[in-house]
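Asks: quick check, what structure comes out for this input:
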Amino acid sequence: MKLFNKHRSSFLLLLIGLGLGMLISGQGQVSAVPKEDYESLEAFTNILAIVRKNYVDEVQTKDLINGAINGMLNGMDPHSAYLTPELYKELQMDTQGRFGGLGIEITVRNGILTVVSPIEDTPAFRAGIKSGDQILKIEGEFTKDMSLMQAVKKMRGPKGTKLNLSVKREGVTDLLDFSIVRDTIRVQSVRSRLLEEGYVYVRLAQFQERSDRDLQRALEKLASEKAGIRGLVLDLRNNPGGLLTQAVRVADLFLESGMIVYTEGRLENQKQKYFARKEGSWTEFPIVVLVNGGSASASEIVAGALQDHKRAVILGTKTFGKGSVQTILPLDDNSALRLTTARYYTPKGRSIQATGIVPDIVMESVPLQESKAEEKKRLGVREENLPGHLQNQKEQKEKEKPAQPEREEGGENDAQLRRALELLKGWDVFKQLVQKKAG
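Replies: As a prediction, this is how the structure comes out:
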């Protein structure tokens, strides 16, 4: 296992994810307010006093200020937010892969709570919640204009308690009602198995604190089999992201040298570069990486790095397109700000913000029993669909078809996995022919 210590700063934790932040910093200080801003601040305090005095019900100053903070952050982009002490604690538990709830990654699209992807082997996954589902009600309460943090708080809860959701699904006329029993969510980030002799499959569901070590152990176990590893399918479909440090270390496992990712922000400490090292790299076999519209942030870093270095073939549909960095800034009362502070770029300088990673081989995942007409009805949710999303500074003019959410990853009806295995076997045959001719 390789330890990545390059470009360490005062930040305690670096993370990427749809529902997570990116950098956790111990710096809670703010700079002095410029004189020209005093007039605006005075207007705010006047409005605050008027509301407290005249509103129909008595309101607390703390609640008004919290609402103003949330409104300010929500108006900037979909990923900046104010984290109460409770939500900040839950965020820290998320990165450890254990928390109480349903097991879904959600975002807000046009004011509607929308599922990015269910987490494998969780209550939501088993109940049939799917990528692209719109959550219109939680316990009978309409979710229109509900903030992401409010929704997370409502859906989290003790193990064994029940939660009722009403969901609108594309192509289905009536609302779908789900009654889901909460559980302690323990996300197993790495799963692996043998596809055929010499050809292996590794599913990476989320980038957690131990993902690189779990992946290293999985590769060592698979390599100990009789035929070793002649080809690898790395499945990042519906992987919503997680820790940036883990994305770097996972990519580093398959690269001997070169840049993995870099970030650009307004401040010097937001400009970071991360490089691969040769020690411990797995470079003896070809790789096919599977992605889709639910592959986001950290997943896109890995896919983009392996694609730019021509280390892997990327197969599937266009990824989510979250290329922004969020810094978690702890405050004195144990709350925190999650603030977008930078964009990240692939080794070749590509910003995937609102554009995503376009696979080398674009292929929809259509289960054998599903018709093409039914496939077209299903819509994906991507960064570019979110209101207020950051614009890509090199926005592509050509509009591509929205990615479709896939399902049954790794199962018998997984057309993308079958195609990936065919590619690996074809490459092996080609390599043997070249070696035979050279001999």
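
Asks: so where's the stretch 251-400 of the chain uncertain?
Replies: In the prediction, the stretch 251-400 of the chain carries residues with pLDDT under 70 at positions 366-383, 385-388, 393-400.

Asks: now do the strands in it.
Replies: For the stretch 251-400 of the chain, the strands defined by DSSP state E, counting those that start in this stretch occupy 259-265, 272-275, 287-291, 312-316, 324-330, 336-345, 361-362.

Asks: give the contact list for the closest residue to Y344 other than its chain neighbours.
Replies: Counting by C-beta to C-beta, 6 or more residues apart in numbering, Y344 lies nearest to T263, which is 4.7 Å off, once chain neighbours are set aside. C-betas here are computed from N, CA, C, even on glycine. Taking C-beta atoms under 8 Å, 6 or more residues apart in numbering, we find T263 in contact with Q270, K271, Q272, V325, A342, R343, Y344, Y345.

Asks: again with L267
Replies: L267 makes contacts with T341, as judged by C-beta under 8 Å, 6+ apart.

Asks: same thing but 10 Å
Replies: Residues in contact with L267, defined by C-beta atoms under 10 Å, 6 or more residues apart in numbering, are T327, T341, A342.

Asks: and which of these is nearest to R350?
Replies: A342 (15.2 Å; C-beta to C-beta).

Asks: partner residues bridging that closest one?
Replies: G265, V325 (DSSP bridges).

Asks: what about it, neighbour count?
Replies: For A342, the tally of surrounding residues (other C-beta atoms under 10 Å) stands at 22.

Asks: distance check, it against G304.
Replies: Taken as C-beta to C-beta, to the nearest Å, the spacing of A342 relative to G304 amounts to 16 Å.

Asks: give the contact list for S166.
Replies: Neighbouring residues of S166 by C-beta under 10 Å, 6+ apart: 134-143, 175-178.

Asks: JSON lines please, covering those and showing pLDDT and secondary structure.
Replies: Listed next are those as JSON lines, based on pLDDT from 0 to 100; DSSP: H, G, I helix; E, B strand; the rest coil:
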{"residue": "Q134", "pLDDT": "94", "secondary structure": "strand"}
{"residue": "I135", "pLDDT": "96", "secondary structure": "strand"}
{"residue": "L136", "pLDDT": "95", "secondary structure": "strand"}
{"residue": "K137", "pLDDT": "95", "secondary structure": "strand"}
{"residue": "I138", "pLDDT": "95", "secondary structure": "strand"}
{"residue": "E139", "pLDDT": "95", "secondary structure": "coil"}
{"residue": "G140", "pLDDT": "93", "secondary structure": "coil"}
{"residue": "E141", "pLDDT": "93", "secondary structure": "strand"}
{"residue": "F142", "pLDDT": "93", "secondary structure": "strand"}
{"residue": "T143", "pLDDT": "90", "secondary structure": "coil"}
{"residue": "L175", "pLDDT": "95", "secondary structure": "coil"}
{"residue": "L176", "pLDDT": "96", "secondary structure": "strand"}
{"residue": "D177", "pLDDT": "96", "secondary structure": "strand"}
{"residue": "F178", "pLDDT": "97", "secondary structure": "strand"}
